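In: Need a 3D model of the sequence below.
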Amino acid sequence: MIKVIAFEREYGSGAGAIAQKLADRLGWALWDKQITCEIARRLKCKVEEVEKREERLDSAFYRLAKIFMRGSYEEAYTGSGMEMLDAESLSRSFERIIKDLANKGNCVIVGRAAPYFLRDHPDTFRLFTFAPYEEKLRRLMAAGTSRSDAERRLETVDEERAAFIKRYYNKTWPSREIYHMMINTAAGDEAVIDLILTEIHILDRADSQQRPA
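Out: Numbers count the residues shown, from 1 in each chain. I've put the predicted structure just below:
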């Protein structure tokens, strides 16, 4: 029985909005920017500590870590409350919290390598959202991003995410084999949600039929 839905996404594909609507429809918890807050809470990390550590980090790593850590709230996130120690520590923090959330169940998790960390979790539905360039541009501009900023971010954010994954996890992003579904969000949020729920229903039905009576 599916109890966790884990999103990974192209920047601008609307995964955050879709995840929020999906969580609302199911009555489940949404974990997106809240994961960043949870990491900061657990590690008792302050902004001043982040700034001190930032000076001792490779600038490329810091930029990639920040890009990867944030979820669908890229526009608002500034890096406050983020533990910036090294790649291994960051990875452990992500994995530990993601798995804790998944074990509680009934939640939708956005980004932070959640599909990868939960690739062997039996109750997780893992998906990847993508969209044509013009659709991503439209979504970003509708959310208040200027055209020039949206174009710049579309050129860089996904490349940086892929570089981070390759460098610190030695995986290709996206790793297609770990997803149950890769879906084009140009169809619209409600249509995408309907498709996700239909696929989950099919998987749950198949699972129940395979269980011994």
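In: For this protein, which residue occupies the most central location?
Out: residue 111 (0.9 Å; C-alpha atoms, centre = their mean).
In: so that residue makes contact with residue 7?
Out: Yes: the criterion here is C-beta atoms under 8 Å, and residue 111 meets it with residue 7 at 6.6 Å. From N, CA and C alone the C-beta is placed, and that goes for glycine too.
In: which residues are in contact with both of those two?
Out: Residues touching both residue 111 and residue 7 (C-beta atoms under 8 Å, 6 or more residues apart in numbering): residue 15.
In: Now residue 4. Its backbone dihedrals?
Out: Phi and psi for residue 4, reported as degrees, to the nearest 10, are phi -140, psi 140.
In: show me the contacts for the closest residue to residue 4 other than its chain neighbours.
Out: Of all residues not flanking residue 4 in the chain, residue 124 sits nearest, at 4.3 Å (C-beta to C-beta, 6 or more residues apart in numbering). By C-beta under 8 Å, 6+ apart, residue 124 lies in contact with 2, 3, 4, 5, 6, 102, 115, 118.
In: which of those lies closest to residue 136?
Out: The nearest member of those to residue 136, counting by C-beta to C-beta, is residue 115 at 19.7 Å.
In: Show me the beta-bridge partners of the closest residue to residue 31 other than its chain neighbours.
Out: Spatial nearest neighbour of residue 31, chain neighbours left out: residue 109 (4.7 Å); criterion: C-beta to C-beta, 6+ apart. Taking DSSP bridges, one obtains residue 6, residue 31 as the residues bridged to residue 109.
In: Verify the stated contact: residue 193 with residue 24.
Out: No: judged on C-beta under 8 Å, residue 193 makes no contact with residue 24 at a distance of 9.8 Å.
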